[in-house]
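*Asks:* Give the three-dimensional model of this entry:
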Amino acid sequence: MLIEMRKVADIKVYPQNPRRNDHAVAPVAASIQKFGFRQPLVLDEDGVIIVGSTRYKAALQMGLKEVPVHVARGLTPVQVKAYRVTDNKTAELADWDYELLVQELAQPAAVRRRSARDVLEMGLKFREIAQLEQRLAAIEAQMAGVPGLQLEQPPAHHELEDPSPLASQKGTPP
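*Replies:* Okay, here's the model as predicted:
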């Protein structure tokens, strides 16, 4: 797969994009800022976005001049439309394994130590954080019965209660 850098000004938005994604732009921009632009936009041969419109909007918001792109050559117009919808829809079909997500995020008690901004930048909503904390508490309770295991103590201050700039952008929590 060939990935090239392309001027943001030369990329064309797909005007019939049915996906509403403005609320996702700030977290995607934060992710790009933190981890770099790790997933290229996919364009058709005319430079129109097939996949990656949220990343494109994030690049505009960040003032980037160039972004990585892959030009999907040889696709028919029907394949382009199918790819555009399929790529967006398949992400919605996945579910979380919260036990594994807790393990992925950190050691026991560390989810509560993350700042609200960091957790929200990962795309988690407060409702999901509450679910994680409930599951984490259950895991910690099970682990507390293991002889010789020392658990880290959670901080006295609960950082997730502090409103984040990301949470208040539209006036309501995500």
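*Asks:* For the protein, which segments count as helices?
*Replies:* Ranges of helices in the chain, per DSSP state H, are 25-35, 53-62, 77-93, 98-105, 110-113, 116-121, 126-144.
*Asks:* weakest of these by average pLDDT?
*Replies:* With a mean of 49, helix 110-113 has the lowest mean pLDDT of the helices of the chain.
*Asks:* in the strand ranked longest in the chain, what's buried?
*Replies:* Longest strand in the chain by number of residues (criterion: DSSP state E): strand 66-71. Residues of strand 66-71 classed as buried by neighbour count (16 or more other C-beta atoms under 10 Å): 67-71. (Each C-beta comes from the backbone N, C-alpha and C, glycine too.)
*Asks:* Run the angle between it and helix 25-35 for me.
*Replies:* Strand 66-71 runs at 100 degrees relative to helix 25-35, counting by axes from the mean of the first three to the mean of the last three C-alpha atoms, to 10 degrees.
*Asks:* For strand 66-71, name the packing helices and strands.
*Replies:* Applying 3 or more C-beta pairs under 8 Å, 6 or more residues apart in numbering; DSSP states H and E, one finds that strand 66-71 contacts strand 4-7, strand 41-43, helix 53-62.
*Asks:* Tell me the spacing between the closest residue to Ala59 other than its chain neighbours and Pro18.
*Replies:* Spatially, and ignoring its direct neighbours in sequence, Ala59 is nearest to Val67 (4.9 Å; C-beta to C-beta, 6 or more residues apart in numbering). Separation of Val67 from Pro18 (C-beta to C-beta, to the nearest Å): 22 Å.
*Asks:* re the thing from before, name the residues that touch the longest strand of the chain?
*Replies:* For strand 66-71, contacts defined as C-beta atoms under 8 Å, 6 or more residues apart in numbering pick out 1-8, 11, 37, 40-45, 47, 55-56, 59.
*Asks:* hmm, try it at 10 Å
*Replies:* Outside strand 66-71, the residues that touch it by C-beta atoms under 10 Å, 6 or more residues apart in numbering are 1-11, 32, 36-47, 49-52, 55-56, 58-60.
*Asks:* Buried ones among the residues you listed?
*Replies:* Among the contacts of strand 66-71, those classed as buried by 16+ other C-beta under 10 Å are 6, 8, 11, 32, 37, 39-44, 49-52, 55-56, 58-60.
*Asks:* picking up where we left off before, quick one: closest of the helices and strands packed on strand 66-71 to Ala26.
*Replies:* Taking C-beta to C-beta, helix 53-62 is the member of these nearest to Ala26, at 7.5 Å.
*Asks:* Tell me what angle the closest one forms with helix 25-35.
*Replies:* Using the same axes, to 10 degrees: helix 53-62 against helix 25-35 is 80 degrees.
*Asks:* Many thanks, have a good one.
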